[in-house]
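# this one's sequence-less:
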Ligand code: AMP
């Protein structure tokens, strides 16, 4: 396994791999790898002859009051895990390598970046789309792998790839969860014991929504009200947003019909967690 920090070196290597006629899979990450990331890496390993992962805590997707500085990092641990999964190349640039001054170009995916996480994190998806576009330009993967955990992100990336004619296939894989339902996230690291016990409330409320829908409930507001009740019953939890939207345009839906997407962000103590459920009725 090779670790590359320079853009020019990654470009030369990726180009050589392409010329050899080999397929390249890319798994973009911010590191502090867990089973969610590993599920993407394993799929890339199955599909592609050469697997790149990127490890880069991307400053442009964090707001000024957000956790860029305290985001968990452990490169040696990540390296060990990646090696065990058969990753071929880790691309781990510095912020200065990715954003040398002056830097003036950003990718903005309109509309889809506005609701849900876009509303509570202005500029977040501009940072995400920009860094992913850069990674695609540097590595030029045949397939790139993303998690359904960040469903809005995956929808935005697919739109960007389509709108800007990027020659890459986007694979979106299911959410990997702990036994009690909590979606794996590098940020779970920040939860203390009591917060960790409270955190499965996100998934429990989604399961309750699913149960109501199975029993025939179609009014979004009734489902949202019930989910809110459950989450408010958890002392350490504070809702950031809770919404039922359509699974493509992300517009709010009064009724649960067709492809819908139930998404929520909840603060457990100081840690903001997200989860979602995609349903086809
Ligand atoms: P991150 O390092 O949090 O930026 O995540 C890197 C990639 O891993 C993104 O495509 C995430 O959606 C995906 N991912 C993160 N957590 C999970 C999870 N619990 N299950 C599946 N994919 C995940």
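Now that the structure is in, tell me what you want to look at. Keep in mind it's a predicted model, so treat the numbers as computed, not measured.

# look up which helix or strand the residue nearest to residue 140 when sequence neighbours are not counted falls in, please.
Distances taken as CB to CB, 6 or more residues apart in numbering place residue 14 nearest to residue 140, at 5.7 Å, with adjacent residues excluded. All C-beta spots, glycine's among them, are computed from the backbone N, C-alpha and C. Assigned by DSSP states H and E, residue 14 belongs to helix 7-19.

# what's next to that helix, contact-wise?
With CB atoms under 8 Å, 6 or more residues apart in numbering as the test, helix 7-19 has contacts from 2, 4, 24, 49-50, 52, 89, 91, 93, 97-98, 138-141.

# and if we set it to 7 Å?
Helix 7-19 is contacted from outside by 4, 24, 50, 89, 91, 93, 97, 138, 139, 140, using CB atoms under 7 Å, 6 or more residues apart in numbering.

# also stretch 103-123?
With CB under 7 Å, 6+ apart as the test, stretch 103-123 has contacts from 63, 124-126, 129-130, 133, 152, 155-156, 159-160, 240-241, 243, 245, 250, 263, 265, 274.

# and with 6 Å instead?
Residues from elsewhere that reach stretch 103-123 (CB atoms under 6 Å, 6 or more residues apart in numbering): 63, 125-126, 129-130, 133, 152, 155-156, 159-160, 240, 250, 263.

# go through it and flag the buried ones.
Using 16 or more other CB atoms under 10 Å as the test for burial, stretch 103-123 gives 107, 109, 112, 113, 115, 116, 117, 118, 121, 123.

# return the subset of the residues you listed lying in helices.
Secondary structure from DSSP state H places 117, 118 of these in helices.

# mind putting the buried residues of stretch 103-123 into a markdown table with distance to residue 194 and pLDDT?
As requested, these are exported to a markdown table (distance: CB to CB, whole Å; pLDDT from 0 to 100):
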| residue | distance to residue 194 | pLDDT |
| --- | --- | --- |
| 107 | 40 | 98 |
| 109 | 38 | 98 |
| 112 | 36 | 98 |
| 113 | 34 | 98 |
| 115 | 31 | 97 |
| 116 | 27 | 97 |
| 117 | 25 | 98 |
| 118 | 30 | 97 |
| 121 | 26 | 96 |
| 123 | 32 | 97 |
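
# with distance to residue 29 as added columns, please give the buried residues of stretch 103-123 in CSV.
What follows is those, written out as CSV (distance: CB to CB, whole Å):
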residue, distance to residue 29
107, 19
109, 20
112, 22
113, 21
115, 25
116, 21
117, 18
118, 21
121, 19
123, 21
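
# could you give the number of residues near residue 39?
By other CB atoms under 10 Å, the residues close to residue 39 number 19.

# what helix or strand is it on?
Residue 39 belongs to helix 35-47, assigned by DSSP H and E.

# what does that helix contact?
25, 27, 29, 51, 85, 86, 143, 145, 147, 173, 176, 184.

# which ones are touching the fifth one?
Meaning residue 85. 38, 41.

# just the pLDDT at it, thanks.
For residue 85, the model assigns a pLDDT of 98.

# now do the one 10 residues further on
Reading off the confidence values, residue 95 has pLDDT 98.

# wait, it sits on residue 60?
No: in this structure, residue 95 is not within contact of residue 60 by CB atoms under 6 Å, at 9.0 Å.

# hmm, back to that, mind putting the contacts of helix 35-47 into JSON lines with distance to the ligand and secondary structure?
Compiled in JSON lines, the contacts of helix 35-47 are given as follows (distance: CB to the nearest ligand atom, whole Å; DSSP: H, G, I helix; E, B strand; the rest coil):
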{"residue": "25", "distance to the ligand": "13", "secondary structure": "strand"}
{"residue": "27", "distance to the ligand": "7", "secondary structure": "strand"}
{"residue": "29", "distance to the ligand": "4", "secondary structure": "strand"}
{"residue": "51", "distance to the ligand": "14", "secondary structure": "strand"}
{"residue": "85", "distance to the ligand": "13", "secondary structure": "coil"}
{"residue": "86", "distance to the ligand": "17", "secondary structure": "coil"}
{"residue": "143", "distance to the ligand": "13", "secondary structure": "strand"}
{"residue": "145", "distance to the ligand": "7", "secondary structure": "strand"}
{"residue": "147", "distance to the ligand": "2", "secondary structure": "strand"}
{"residue": "173", "distance to the ligand": "6", "secondary structure": "strand"}
{"residue": "176", "distance to the ligand": "4", "secondary structure": "coil"}
{"residue": "184", "distance to the ligand": "4", "secondary structure": "coil"}
